[in-house]
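*Asks:* What follows is a predicted protein model with its sequence.
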Amino acid sequence: MSNDTKTRRNRAWYGKLDRDGFIHRSWMKNQGFPDHAFDGRPVIGICNTWSELTPCNSGLRDLAEGVKRGVWEAGGFPVEFPVMSLGETQMKPTAMLFRNLLAMDVEESIRAYGIDGVVLLGGCDKTTPGQLMGAASVDLPTIVVSSGPMLNGKWQGKDIGSGTDVWKFSEAVRAGEMTLKDFMAAESGMSRSKGVCMTMGTASTMASVVEAMGMSLPTNAALPAVDSRRMALAHMTGKRIVEMVEEELKFSDIVTRESFENAILANAAVGGSTNAVVHLLAIAGRVGVDLSLEDFELGSDIPLLVNCMPSGKYLMEDFCYAGGMPVVLNRLGDKLRPARTVLGGDIRAYADGAECWNDDVIRTMEDPLKPAAGLRVLKGNLAPQGAILKPSAASDHLLEHEAEAYVFESIEDFKANIDRDDLPVTKDTILVLKGCGPKGYPGMPEVGNMPIPAKLVTEGVRDMVRVSDARMSGTAFGTVVLHVAPEANAGGTLALVQTGDRIRLSASKGELELLVSEVELEKRREAWTPEPPHYTRGYAKMYVDHVLQADQGVDLDFLVGKDTRPVTRESH
């Protein structure tokens, strides 16, 4: 294949007939690539987050081979490269601390290497947004292949969902309703194959919104990780990225304001994770799209169509067999904004001809699981820059609530005291947790869905209003107010809350108010001193010094935006 009529980006590496070109080509040839691989054809980077420490992504090594087949078929030159892999279930203190580090790794790898387009292989919660953030800042032709969900969990003859049933089983053990033996037996049956959580957690949410944004081929979100059709999808993705390079179809040509609005609508329809908020805000900051926390109200009146845990009863395997995201997009219909996709046409083409094979798994707009399921943005003196709530996973009777607060000053305070028999709380108490925001923890962990106090669990209480500057797993549920901004460690009002203060939550009005006079709050502010940082060196120190608040996407301040300038200086 000859590309003499076009000057590829890779020609600055592999097209020079001098010492520099010699070095770039010769060292690549030690892998057995022939001369004609460097003839000007598109060089496609395969950005792989495979790792045995990221079980969700453990199938990506195989999918990379499928992408390569497609690239070769289309006349391109595939080159796979690794980047940091973020194992949500394995990393301490939280994978979110390292999302921006992955984004830096992806951005600089794409920029530094002689590639013309990139395929992002991710899946686990933070890998997809981290890769998209990094790729957005370089703005080459880009497409996503997700790792796909695990097969449905199985235990005692029934389906169980990763994450969602962990929280339920754990509370049942604490209440004496489930034996520890049964709890441990469920462990092996829950994760039966490679792939991400098979509930509509953050990983499947991000795969769903990526498809709704047109950044992957149709059906990418729901095909199980071990389904042969996912390997075929990888092959077709490899073929398509070569065509995208030929068409000069860049990241920024696809991801526009309308794309983000479609992502917000889709997130509501699937009952998606609250984590989508911080990730979409961060990606928008990289692309240069003006997206705000208030924009997520666009999905507030969208019905819940997908009957998947944690908001429903089915799992991602069932969602796939029912028709997946093309059916959801079809049912959103005219609510979708016109927006371009990696296929070059409009996103509505993804919905054309989509058929639903189980209307209980994917409901119609006329018969939804819930009539209005989109995330609610809350504002008030307790969250001047905003907080969020997921009504589809909450208890209806708690969405309008006023009560006294019981405050935990840190995660250590919480763990040391939550199971005290004499903890002065009732089912109406609002639990408040501080010190778990981007700067405070650091990294904003998924601890916002605090376990119910043990004394109340034994009484049958399974939900309470909980307020924090933390996040929660996309697999979790409850009336949980999250992402309070500014966080406590940044001097937000959250830092000033004391046990016994009254708090009012109104989901319908979008309000979160601390019912304490401004005079009293000012006295508390004057007496408040920030906690010393947990880290004083390395990446974590840089993170704490530069991280933005939740309403701005929790990116690092100096990474917002893009740099598409060519790299002109050689290494030798």
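*Replies:* Structure received. Residues are numbered from 1 along each chain as shown.

*Asks:* and Arg348, how far is that from Pro391?
*Replies:* 28 Å (C-beta to C-beta, to the nearest Å). The C-beta positions use only the backbone N, C-alpha and C, and glycine is treated the same way.

*Asks:* I'd guessed Gly492 sits against Pro384; true?
*Replies:* Yes - judged on C-beta atoms under 8 Å, Gly492 makes contact with Pro384 at a distance of 7.4 Å.

*Asks:* Looking at those two, which is more packed in?
*Replies:* Gly492 (21 against 15; other C-beta atoms under 10 Å).

*Asks:* Quick one: mean pLDDT for the lengthiest strand in the chain?
*Replies:* As assigned by DSSP state E, the longest strand anywhere in the chain is strand 400-408. Mean pLDDT, computed over strand 400-408, is 98.

*Asks:* which sections of the stretch 51-200 of the chain are below the confidence cut-off?
*Replies:* Applying pLDDT under 70 to the stretch 51-200 of the chain flags no residue at all.

*Asks:* hey, where'd the helices end up in the stretch 251-400 of the chain?
*Replies:* 251-254, 257-270, 275-287, 316-322, 324-332 (DSSP state H, counting those that start in this stretch).

*Asks:* Figure out which of the ones you listed is closest to Arg420.
*Replies:* With C-beta to C-beta as the criterion, Arg420 lies closest to helix 275-287 of the helices of the stretch 251-400 of the chain, at 30.6 Å.

*Asks:* quick revisit: mutual contacts of Gly492 and Pro384, please.
*Replies:* Counting by C-beta atoms under 8 Å, 6 or more residues apart in numbering, the shared contacts of Gly492 and Pro384 are 485-486.

*Asks:* same question for the helix or strand that the longest strand of the chain is followed by, mean pLDDT?
*Replies:* Counting by DSSP states H and E, the next helix or strand C-terminal to strand 400-408 is helix 411-417. The average of the pLDDT scores along helix 411-417 is 97.

*Asks:* thinking again about what came up before, so which bits of the longest strand of the chain are buried?
*Replies:* Neighbour counts over strand 400-408 (16 or more other C-beta atoms under 10 Å) mark 401, 403-408 as buried.

*Asks:* Between those, which sits nearest Asp35?
*Replies:* Taking C-beta to C-beta as the measure, Asp35 lies nearest Phe408 of these, at 65.2 Å.

*Asks:* For the closest one, name its beta-bridge partners.
*Replies:* Leu433 (DSSP bridges).

*Asks:* isn't it right up against Leu431?
*Replies:* Yes - using C-beta under 8 Å, Phe408 is in contact with Leu431, at 7.2 Å.

*Asks:* Pull up the overlap in contacts between those two.
*Replies:* Contacts common to Phe408 and Leu431, judged by C-beta under 8 Å, 6+ apart, are Met450.

*Asks:* who touches Leu140 in this structure?
*Replies:* Leu140 touches 9, 110, 115-118, 250-251, counting by C-beta under 8 Å, 6+ apart.

*Asks:* Same list (those residues) but as a markdown table, adding neighbour count, secondary structure and distance to Ser506.
*Replies:* Output for the contacts of Leu140, formatted as a markdown table (neighbours: other C-beta atoms under 10 Å; DSSP: H, G, I helix; E, B strand; the rest coil; distance: C-beta to C-beta, whole Å):
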| residue | neighbour count | secondary structure | distance to Ser506 |
| --- | --- | --- | --- |
| Arg9 | 17 | coil | 52 |
| Ile110 | 24 | helix | 45 |
| Ile115 | 28 | coil | 50 |
| Asp116 | 25 | coil | 52 |
| Gly117 | 30 | strand | 48 |
| Val118 | 28 | strand | 45 |
| Lys250 | 18 | coil | 43 |
| Phe251 | 26 | helix | 39 |
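
*Asks:* Contact partners for the residue nearest to Leu120 when sequence neighbours are not counted?
*Replies:* Closest residue to Leu120 apart from its sequence neighbours, by C-beta to C-beta, 6 or more residues apart in numbering: Gln131 at 4.2 Å. Going by C-beta under 8 Å, 6+ apart, Gln131 touches 47, 49, 83, 102-103, 106, 120, 122, 144.

*Asks:* Now flag whichever of those residues is closest to Ile160.
*Replies:* Once C-beta to C-beta is applied, the member of those that ends up nearest Ile160 is Gly122, at 25.1 Å.

*Asks:* quick one, phi/psi of that closest one?
*Replies:* Taking degrees, to the nearest 10, you get phi -140, psi -170 for the backbone angles of Gly122.

*Asks:* Do I have it right that it meets Asn57?
*Replies:* Yes - look at Gly122 against Asn57 with C-beta under 8 Å: they come within range, at 6.8 Å.

*Asks:* quick one, which of the two is more surrounded?
*Replies:* Gly122 (34 against 31).
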